[in-house]
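A.B. asks: Could you look at this predicted model? Sequence included:
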Amino acid sequence: MLARALDQGMNVEEINGLTAIDPWFLYKLERIHKIDQVLRSNSLLSLTPTVMLQAKKSGFSDVQIAERLTDLPW
């Protein structure tokens, strides 16, 4: 539900107002969501070391990163 709200353009403050979820936590989720979108818009060949590092620091596993890349067969 939170990912859908972010997809629809809601910001952290709006989500906090509706759910009372801690803004700190919501900002962390927003960052993960944005990295997920960046990964889904990249291919293996276009993935930069910076994006890979951000994804790894945000907790994405190698398998999760691979699943989101656009040119892999799975």
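C.D. replies: Thanks, I have the structure now. Residues are numbered from 1 along each chain as shown.

A.B. asks: Dead centre of this protein: give me the residue that sits there.
C.D. replies: Nearest to the geometric centre of the chain sits His33, at 2.4 Å (C-alpha atoms, centre = their mean).

A.B. asks: For the residue lying closest to it once chain neighbours are set aside, give me its contacts.
C.D. replies: Spatial nearest neighbour of His33, excluding adjacent residues (C-beta to C-beta, 6 or more residues apart in numbering): Leu6 at 4.9 Å. (Each C-beta comes from the backbone N, C-alpha and C, glycine too.) Residues near Leu6 by C-beta atoms under 8 Å, 6 or more residues apart in numbering: 15, 29-30, 33.

A.B. asks: Helices - which of those land there?
C.D. replies: Judged by DSSP state H, helices contain the following of the contacts of Leu6: 15, 29-30, 33.

A.B. asks: Including distance to Arg40 and pLDDT, could those go into JSON lines?
C.D. replies: Output for the ones in helices among the contacts of Leu6, formatted as JSON lines (distance: C-beta to C-beta, whole Å; pLDDT from 0 to 100):
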{"residue": "Ile15", "distance to Arg40": "21", "pLDDT": "96"}
{"residue": "Leu29", "distance to Arg40": "16", "pLDDT": "95"}
{"residue": "Glu30", "distance to Arg40": "16", "pLDDT": "96"}
{"residue": "His33", "distance to Arg40": "11", "pLDDT": "95"}
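
A.B. asks: and the residues you listed as a markdown table, adding distance to Leu47?
C.D. replies: Putting the ones in helices among the contacts of Leu6 into a markdown table (distance: C-beta to C-beta, whole Å) gives the following:
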| residue | distance to Leu47 |
| --- | --- |
| Ile15 | 29 |
| Leu29 | 22 |
| Glu30 | 21 |
| His33 | 18 |
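
A.B. asks: pLDDT score for the closest residue to Tyr27 other than its chain neighbours?
C.D. replies: Counting by C-beta to C-beta, 6+ apart, Tyr27 lies nearest to Val12, which is 5.6 Å off, once chain neighbours are set aside. At Val12 the predicted local confidence, pLDDT, stands at 96.

A.B. asks: next one: Ile32
C.D. replies: 95.

A.B. asks: Quick check: it touching Lys57?
C.D. replies: No - look at Ile32 against Lys57 with C-beta atoms under 8 Å: they stay out of range, at 10.5 Å.
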